[in-house]
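Student: One predicted model, sequence on top.
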Amino acid sequence: MCKPLKILISDDSMLLRKKLREELEMLGCQVVEAKDGQEVVEAYAKFRPDGVFMDIVMPKVGGLAALKEIKEIDKQARVVMLSSTGTAAKLLEALKLGAIDFIQKPYNSSQIAKAVNDIGRKEN
Amino acid sequence: MVSQFFAQYILNQGLLTPGQVQEALESRRAAQVKLGILAINQGFLTAVQVEEIHKLQHTIDKRFGEIALDGGYLSEEQLIILLDTQGNGYLNFGQTLVDKGFMTLEQLEQTLAEYKRDNSVEKQPDLALVKESIHTQLNFLKTDKNIELYCDYIALFLRSIVRFLDTSPLLVATAADEQQQNKWSVSQSMTGDITLHSSFCADDGVLLELARRYSGEEFNEMNELALDSAGEFLNVTNGLFCINLSNLGLDLDLHPQMFARDDDFGARPQYAVAIDTSFGRINLVVAGA
C-alpha cells in the first residue's frame, strides 16, 4: 500500500481550507493547514510536505512571495497556486517562480484530483 | 436572463412593487427549464458535458450558451434550437405576471409595447439594458471618469448573484446612506492600473442565507465560517472582474477581504445600490481611489 501524501494547504479563508481539506482527505491525503504566507513557509520548513496548495491573495506574506521562500527552502517543492484571479499575468508569474500548476477558484474536484496526481508522480 | 431586464424595467417604471416583481421572477425561475436540461433532452450534450459547462460558468463571466459555443460543445444551429425551445424570456415573465393577477392582459400589452420602444429590445444587447438601469439608479456624477467601470462592476455583481446564489436580483431605489447600521459588511480592494473598493452589507439573516447558498454549509448563527463564506462570494466575484479587466489590458491585484460591523466606509467617494433578492436586501457600495 502506498504511503499517503502529506499536503500543506494555505488560505486565509476558513471555508476554502475546510473544503480543500475534505477533498484531499477523500483522496487519502494527510493535511496540514496554514492561514497566511508567513505560516505556510514556517509549516513547510517544519513538516516538509509532498505538496502545497496555496492561495495567492493572503495577509502578511502573499502567496507568490511565500512560493519564492518555499523554493529557497526546497528547490524540488511541488506547489499548486490557487486564486480567484486567473489572469495570464498571474499564471505566468506563478509558473516562473516554480509553481507546478495554477487553479482558478472556485475549483472543482477533478482539478484537485489531477493536481494531487501530479504531486504524487514525484514519489514514483 | 432576459426576463430579468424586463422585470427591472417594470420596477423602474413603478408599475409593480419590488415584492410583486420578485415573487413573479422566482416563480418564473422555478418553472423555466434550464438550457442544459434541454440540451440533454435533445441529445446535443451529455450530463457530464453540461456539468463541465456549469463549472466553467464559475470561472468565466459568460452565459451557458456562450461557453457551449466557444468550447465547441454546441453548434450555432443547435443553440438556436435550444433557445427557441426555451422560449422568449420576457414574454414568459409577462405570462407569469398575468397568471398571478399582478397585471391584466391589457396592462401587459401596453407595458410590453413601451418596453420594446424604450429599450429597442430587439436590437440592444442585454448588458446595455442592465447598465442603463444602473445609471438610472445611481445618479452618477457626470464628472466621475470611472462611471463605466462602476456600472460594469455592478452588472457583474448582479450576474454573480444569479450564478452563485441562484436567485434573481433586482436593483431598487434607496437612500445611499441608509444601510450600514447594525450590519456586517464585507469589503475588498482591487488596485493596480485602476483602484476599486467594493463592499456589501446585509442584515444577519440575509448574510447567513447568502453564505449558505454560496458555500453549501448550514449556519445557525453568524460565525467566522459564515462571514468567510460571504467574503469568498465577494472574492470570486472580484476575481472575475479582474479577469474581465485583464482581457481589456488592465492589470489589477486583489487584496484580502475585510469584515466590519457598522462600517461607514470612510470618506471615500462612493456609490451605493440596493439589491433585492428572494431572501432579502443586499446593499452594495463601490468606491474609487
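Tutor: On my side now, so go ahead.

Student: Now do the contacts for the spatially most central residue of chain A.
Tutor: Of all residues in chain A, the one closest to the mean position by Cα atoms, centre = their mean is A:F53, 1.4 Å from it. By Cβ atoms under 8 Å, 6 or more residues apart in numbering or on different chains, the residues touching A:F53 are A:7-11, A:20, A:24, A:80, A:82, A:112, A:115. Backbone N, C-alpha and C define where each C-beta goes, glycine included.

Student: repeat that with 10 Å
Tutor: The contact partners of A:F53, by Cβ atoms under 10 Å, 6 or more residues apart in numbering or on different chains, come to A:7-11, A:16-17, A:20, A:23-24, A:29, A:31, A:40, A:79-82, A:101, A:103, A:107, A:112, A:115-116, A:119.

Student: in which helix or strand would I find it?
Tutor: Using DSSP states H and E, A:F53 sits in strand A:51-55.

Student: Can you tell me the closest non-neighbouring residue to the residue in chain A that chain B sits nearest to?
Tutor: Of all residues in chain A, the one sitting closest to chain B is A:S84 (2.7 Å; Cβ to the nearest Cβ). With Cβ to Cβ, 6 or more residues apart in numbering or on different chains as the criterion, A:S84 has its nearest non-adjacent residue at 2.7 Å, and that residue is B:G239.

Student: number of nearby residues for the one you found?
Tutor: 26 (other Cβ atoms under 10 Å in any protein chain shown).

Student: is chain B contacted by the worst-scoring helix or strand of chain A on mean pLDDT?
Tutor: Taking mean pLDDT, DSSP states H and E as the measure, the helix or strand of chain A with the lowest value is helix A:88-96, at a mean of 84. Yes: counting by Cβ under 10 Å from any Cβ of the partner chain, chain B is contacted by helix A:88-96 at A:88-90.

Student: contacting residues around that helix?
Tutor: Contacts of helix A:88-96 (Cβ under 10 Å, 6+ apart): A:54, A:56-57, A:63-64, A:67, A:79-83, A:85, A:87, A:99-102, A:104, B:192, B:242-243, B:246-247, B:251-254.

Student: And the buried ones among the residues you listed, selectable in PyMOL?
Tutor: Restricted to buried positions by 16 or more other Cβ atoms under 10 Å in any protein chain shown, the PyMOL selection for the contacts of helix A:88-96 reads:
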select buried, (chain A and resi 54+56+57+63+64+67+79+80+81+82+83+85+87+99+100+101+102+104) or (chain B and resi 242+243+246+252+253+254)
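
Student: Filter the contacts of helix A:88-96 down to the ones in helices?
Tutor: Of the positions in the contacts of helix A:88-96, A:63-64, A:67, B:242-243, B:246 sit in helices, assigned by DSSP state H.

Student: Just name the closest of the residues you listed to B:D61, please.
Tutor: Nearest to B:D61 among those is B:I243, at 7.0 Å by Cβ to Cβ.

Student: That closest one and B:T195: what is the separation?
Tutor: 17 Å (Cβ to Cβ, to the nearest Å).

Student: Now residue 108. Nearest residue, chain neighbours left out?
Tutor: Picked chain A for this. Here the residue nearest A:N108, using Cβ to Cβ, 6+ apart, is B:K55, at 4.9 Å.

Student: that's the wrong chain, I meant chain B
Tutor: B:G94 (5.0 Å).

Student: And B:L83, by the same measure?
Tutor: B:G65 (7.0 Å).

Student: Which single residue of the stretch 151-289 of chain B approaches chain A most closely?
Tutor: Closest point on the stretch 151-289 of chain B to chain A, by Cβ to the nearest Cβ, is B:G239, at 2.7 Å.

Student: got a list of what that residue touches?
Tutor: By Cβ under 10 Å, 6+ apart, the contact set of B:G239 is A:56-57, A:83-87, A:104-106, B:59, B:61, B:188, B:190, B:252, B:254.

Student: related to what we said a few turns ago, near chain B too, which of the contacts of A:F53?
Tutor: Among the contacts of A:F53, chain B is touched by A:11, A:16-17, A:103, A:107 when using Cβ under 10 Å from any Cβ.

Student: Of those, just the buried ones, PyMOL syntax please.
Tutor: In PyMOL, this line selects whichever of those come out buried by 16+ other Cβ under 10 Å:
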select buried, chain A and resi 11+16+17+103+107
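
Student: Just flag the most distant two among the ones next to chain B among the contacts of A:F53.
Tutor: Farthest-apart pair in those is A:R17 and A:I103; separation 14.9 Å (Cβ to Cβ).

Student: Kindly provide the distance from the residue nearest to B:L83 to chain A.
Tutor: Distance from B:G65 to chain A, counting by Cβ to the nearest Cβ, to the nearest Å: 21 Å.

Student: could you give the mean pLDDT of the helix or strand where that residue lies?
Tutor: According to DSSP H and E, B:G65 maps onto helix B:64-70. Helix B:64-70 carries an average pLDDT of 91.

Student: List the contacts of it.
Tutor: Counting by Cβ under 10 Å, 6+ apart, B:34-36, B:39, B:44-45, B:49-50, B:52-57, B:60, B:62-63, B:73-76, B:78-80, B:82-83, B:86 sit against helix B:64-70.

Student: distance of the residue nearest to B:L108 from A:L95?
Tutor: Applying Cβ to Cβ, the value for B:G94 to A:L95 is 51 Å.

Student: quick one, which of these two is more surrounded?
Tutor: Applying other Cβ under 10 Å to B:G94 and A:L95 shows that B:G94 carries more neighbours, namely 25 against 13.

Student: neighbours around B:F200, how many?
Tutor: If we define neighbours as other Cβ under 10 Å, then B:F200 has 26 of them.

Student: what's the neighbour count on the nearest residue to it once chain neighbours are set aside?
Tutor: In space, and not counting its chain neighbours, B:F200 is closest to B:L284: 4.7 Å by Cβ to Cβ, 6+ apart. Neighbour count for B:L284, taken as other Cβ under 10 Å: 23.

Student: Ok, A:Q76 next?
Tutor: 7.

Student: B:I282 and B:A202, how far apart?
Tutor: 5 Å.

Student: and A:V79, bridged to which residues?
Tutor: Under the criterion DSSP bridges, A:V79 forms beta bridges with A:V52.

Student: Contacts only, for it.
Tutor: Contacts of A:V79 (Cβ under 10 Å, 6+ apart): A:8, A:10, A:40, A:44, A:49, A:51-54, A:63, A:66-67, A:70-71, A:94, A:97-101, A:119.
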